[in-house]
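Asks: fold the following for me, if possible:
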Amino acid sequence: MDPGWPGRLVIERHAESGAWIVLAIHAAVRGRFDGGTRMRHYATLAEAVTDAKRLAEAMTDKWAVHRIPCGGAKAVLMVPREPLPAAARQSLLRAYGELIADWRGAFTTGGDIGVGPDDLDVVAEAAGGPWVYGGNRRVIGAGDSGVITAEGLASAMRATAARLTGRPDLAGLRVAVQGAGKVGGHLAGLLLNAGAHVTVADERPEAAAALEGAGAVPPAEILGAECDILAPCATGGVLNAAAIARLRCRAVVGGANNQLATHDDARRLAGAGVLFAPDFLVNAGGAMADLGMTELGWSRQEALRRVRALGHTLDQVYRQAETDGVTPWEAARERARLFLEESRRARP
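Replies: As a prediction, the model looks like this:
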């Protein structure tokens, strides 16, 4: 256990499936914390806990950088390497839903890697209250978070294009998208419709090939693709020292969480002349819309307006980074820290 971890950890063993449930709560703001749920295999429980903690910290930054009064959390369902039998998977999801119910609305969640709408229906039924969004049976939140997250990324790319070319226009821009899933696939479609030249890579060749108008390359080649903007939209930790040395892009604007392998990699990117849009800022669209519509009283129109204005926040961060002589990642984290300090001072 890390004595420096500022939040809470809930770790439960689910005997029937052989899985572990890890809930990492990095911070609570006004008694609330929110973050998605992912299901995947990890080599050790320690790896699952580390991932959950990093993701929860990023969620705190995500809410705070957009001045949304909520703390960050993340749930990881660590499953065996072999696919779970249907009954065991359902049992695990119900057990997790019962854990959510214990928090009586303090913790709200949606899907992430490995957790889809059908899974969320099971979790929501076991949780009981309106604390799970993204399922099929009860429309809670904004719907398909991938679509809205992609809208926010497109806004961030326009702000980045203005930095690179002097105009906030995606037409003619060369973009390499890593991952053609629910975020990357939608993003590629938006970019193609806007006249960008798109290259895509995915571990599932059929997913990349299905994007009509985009070029496809093997996954091992996408980070080294020559382009204006690289968009990591798969797993995190892809931008390490070795990968950064291979980059042939001018900027990175992607939907994956925790794209940097370490915090030092933000400065490595700057040293390589690559403009990095902080991932926790630019990939917040789906989460913002869901939380805003379920907890903050936003209409769908208001949620979309805020997501489509995400590029404005990014531009403010770019400007602050220039003024302070720091990386955009550092400027964004400082913006988040200041909001958290304001929230603590305002606490009754």
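Asks: what about residue 166, neighbour count?
Replies: 8 (other CB atoms under 10 Å). For every residue, glycine as well, the C-beta is placed using N, CA and C.
Asks: pLDDT wise, what is it at?
Replies: You'll see residue 166 listed with a pLDDT of 96.
Asks: could you measure from the closest residue to residue 30 other than its chain neighbours over to residue 96?
Replies: Leaving aside its sequence neighbours, residue 30 sits nearest to residue 69 (CB to CB, 6 or more residues apart in numbering; 5.1 Å). Taking CB to CB, to the nearest Å as the criterion, residue 69 is separated from residue 96 by 25 Å.
Asks: more crowded one of these two?
Replies: Between residue 69 and residue 96, counted using other CB under 10 Å, residue 96 has the larger neighbour count: 27 against 17.
Asks: what sits against that one?
Replies: Listed by CB atoms under 8 Å, 6 or more residues apart in numbering, the contact set of residue 96 reads 21, 37, 75, 77, 123, 126.
Asks: any idea of the mean pLDDT for the one helix or strand the fourth one maps to?
Replies: Meaning residue 77. When elements are assigned from DSSP states H and E, residue 77 belongs to strand 71-78. Per-residue pLDDT values over strand 71-78 give a mean of 98.
Asks: for stretch 197-204, same thing?
Replies: Computed over stretch 197-204, the mean pLDDT rounds to 96.
Asks: what comes up buried for it?
Replies: 197, 198, 199, 200, 201, 202 (16 or more other CB atoms under 10 Å).
Asks: picking that back up, now the contacts of residue 96 as TSV including distance to residue 54?
Replies: Formatted as TSV, the contacts of residue 96 follow (distance: CB to CB, whole Å):
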residue	distance to residue 54
21	17
37	15
75	13
77	16
123	22
126	27
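Asks: could you dump the residues you listed to TSV with distance to residue 268 and neighbour count?
Replies: Listed next are the contacts of residue 96 as TSV, based on distance: CB to CB, whole Å; neighbours: other CB atoms under 10 Å:
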residue	distance to residue 268	neighbour count
21	35	22
37	31	26
75	31	26
77	32	28
123	38	28
126	44	19
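Asks: residue 192: which of these is nearest?
Replies: For these, the closest approach to residue 192 (CB to CB) belongs to residue 37, at 30.7 Å.
Asks: how about that closest one, nearest residue that isn't a chain neighbour?
Replies: With sequence-adjacent residues excluded and distances taken as CB to CB, 6+ apart, residue 37 is closest to residue 75, at 4.3 Å.
Asks: tell me who's in contact with the one you found.
Replies: 21, 22, 23, 24, 35, 36, 37, 38, 52, 96, 109.
Asks: need the next SSE after the helix or strand harbouring residue 289, C-terminal direction.
Replies: Taking DSSP H and E as the criterion, the element that holds residue 289 is helix 285-295. Next in sequence after helix 285-295, counting helices and strands by DSSP H and E, comes helix 300-308.
Asks: pull out the buried residues from the helix or strand just after that following helix.
Replies: Downstream of helix 300-308, the first helix or strand assigned by DSSP H and E is helix 310-324. Within helix 310-324, the residues that qualify as buried are 310, 311, 313, 314, 315, 317, 318, 320, 321, counting by 16+ other CB under 10 Å.
Asks: most widely separated two among these?
Replies: Distances among those were taken as CB to CB; the most separated pair is 310 and 321, at 16.6 Å.
Asks: before we move on, back to that, give me the residues contacting the helix holding residue 289.
Replies: 32, 34-36, 59, 62-63, 66, 68, 70, 108, 110, 130, 133-134, 140-142, 144-153, 183, 298-300, 302-304, 306-307, 310.
Asks: which non-adjacent residue is nearest residue 11?
Replies: Distances taken as CB to CB, 6+ apart put residue 22 closest to residue 11, at 5.4 Å, once the chain neighbours are dropped.
Asks: that neighbour and residue 48 touch, don't they?
Replies: Yes - with contact defined as CB atoms under 8 Å, residue 22 counts as touching residue 48 (5.3 Å).
Asks: list the contacts for residue 243?
Replies: Contacts of residue 243 by CB under 8 Å, 6+ apart are 223, 261.
Asks: wasn't it part of a helix?
Replies: Yes - judged by DSSP: H, G, I helix; E, B strand; the rest coil, residue 243 forms part of a helix.
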